[in-house]
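Chemist: Provide a 3D model corresponding to the input given below.
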Amino acid sequence: MHPTHIPLRLATGAYILNSGLSKWGADEETAAGLHGMASGAYPFLSSLKPTDFAQLLAAGETALGAALLFPKVPSAVAGAALAGFGAGLIGMYLRTPGLTQDDGIRPTPDGVPIAKDIWLVGAGLTLATQSFLSGAKSAAKSASRSAKAKASDLGQSARESLPFSA
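Modeler: Model (predicted):
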């Protein structure tokens with residue numbers, strides 16, 4: 001994990017971990033509200049019982065928050081998971097009637113609490129792309145060093161095989 005990722009991972013990880021832990025043992029009314037909003041945007045979720053959905057959501061958020069806080073999880077992996085989670089929330093925001101103004105983008109007062117989750121997408125994409133780019137740069141440097149070493153070895157072998165001293 002690059003040191004510049006620490007603040008972003010701490011902030012997002014703590015926020016999401018807290019959100020997940022707060023959903024453990026959600027009462028029937030809370031579970032029904034979470035399930036109703038999610039299944040309205042994603043109809044395939046309607047086959048789940050509200051309490052089961054709330055537990056799955058709690059587990060997913062807790063796991064994501066912990067992954068962001070645990071330094072051994074690569075930022076590329078944690079960032080991709082965070083971006084995917086945030087994209088799911090934004091999809092729900094865009095698909096739920098009453099959360100956007102007539103233009104379908106800008107939030108209504110009811111939509112602001114979910115529209116603000118766009119920062120999760122940005123944070124996740126930042127972690128993932130910085131990791132991928134630094135990994136690609138590191139791989140390119142390694143390949144360049146390896147190619148130079150092989151060329152040097154070939155040059156040494158060629159000099160050693162000459163019948164006269166160079």
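Chemist: shaky segments in the chain?
Modeler: Residues of the chain meeting the criterion pLDDT under 70: 135-166.
Chemist: where exactly do the helices run in it?
Modeler: Using DSSP state H, the helices assigned to the chain run over residues 6-23, 28-41, 50-69, 75-95, 112-115, 118-160.
Chemist: Just put the ones you listed in JSON lines and tack on mean neighbour count and distance to Asp102.
Modeler: For every residue, glycine as well, the C-beta is placed using N, CA and C. As requested, the helices of the chain are exported to JSON lines (neighbours: other CB atoms under 10 Å; distance: least, CB to CB, whole Å):
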{"stretch": "helix 6-23", "mean neighbour count": "17", "distance to Asp102": "30"}
{"stretch": "helix 28-41", "mean neighbour count": "16", "distance to Asp102": "19"}
{"stretch": "helix 50-69", "mean neighbour count": "19", "distance to Asp102": "30"}
{"stretch": "helix 75-95", "mean neighbour count": "19", "distance to Asp102": "13"}
{"stretch": "helix 112-115", "mean neighbour count": "15", "distance to Asp102": "15"}
{"stretch": "helix 118-160", "mean neighbour count": "13", "distance to Asp102": "19"}
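Chemist: Of those helices, which is nearest Arg106?
Modeler: Closest to Arg106 of those is helix 112-115 (CB to CB; 8.1 Å).
Chemist: ok, and what's touching the closest one?
Modeler: Residues from elsewhere that reach helix 112-115 (CB atoms under 8 Å, 6 or more residues apart in numbering): Leu89, Ile90, Met92, Tyr93, Thr96, Leu99, Thr100, Pro107.
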